[in-house]
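# fold the stuff below for me.
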Amino acid sequence: MFNPERRARKPSLLACLGALLAAASIGLSAYAAHGVADPLAQQHLNMAALYAFAHGAVLLALVPRAQGAIAHLGLYVLLLGVLLFSGSLAGAALWQWPTRLAPVGGTTLMAGWVLLAINALRR
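Residues are numbered from 1 along each chain as shown. Below you'll find the model as predicted:
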């Protein structure tokens with residue numbers, strides 16, 4: 001019953017936020033399907049949900065394996081990117097915010113993936 005290795009592991013904020021992103025994406029997608037009539041708003045919400053789900057799952061899966069500063073930085077950059085990208089699209093659909101942050105979020109997502117690729121080559 002007592003597993004010292006399990007107790008030595010720390011809780012992970014990144015993994016928790018990844019799981020919450022994936023959960024929120026389900027709500028966004030359901031709202032797009034059932035609560036929004038405007039096709040452009042539906043498209044924005046579905047795109048935001050897709051990116052939030054995918055990157056939330058990636059965070060949840062990669063955090064336990066992340067070793068080193070570059071890997072952790074890459075995961076935090078992914079989190080920032082998905083919040084900017086998906087948040088901008090969801091804000092546009094729900095509150096008519098401009099989508100100015102979506103390109104910044106997309107670029108940030110690409111930078112996070114590049115950092116993870118660099119980290120993979122350094123192993």
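# in space, what's closest to L115 - neighbours in sequence excluded?
G74 (3.3 Å; C-beta to C-beta, 6 or more residues apart in numbering). Any C-beta I mention is one placed from the backbone N, CA and C, and that applies to glycine too.
# and for the one you found, the neighbour number?
G74: 23 surrounding residues under other C-beta atoms under 10 Å.
# host element of it?
helix 69-95 (DSSP states H and E).
# any low-confidence regions in the chain?
Applying pLDDT under 70 to the chain flags the ranges 1-9.
# so which residues of it form strands?
Along the chain, no stretch is classed among the strands by DSSP state E.
# show me where it has helices.
For the chain, the helices defined by DSSP state H cover 4-8, 13-34, 39-62, 69-95, 101-122.
# ok, residues contacting the third one?
It stands for helix 39-62. 14-15, 17-26, 28-29, 31-33, 36, 71, 75, 78-79, 81-82, 85-87, 89-90, 92-94, 99, 109, 116 (C-beta atoms under 8 Å, 6 or more residues apart in numbering).
# in stretch 55-66, what's buried?
H55, G56, V58, L59, L60, L62, V63, A66 (16 or more other C-beta atoms under 10 Å).
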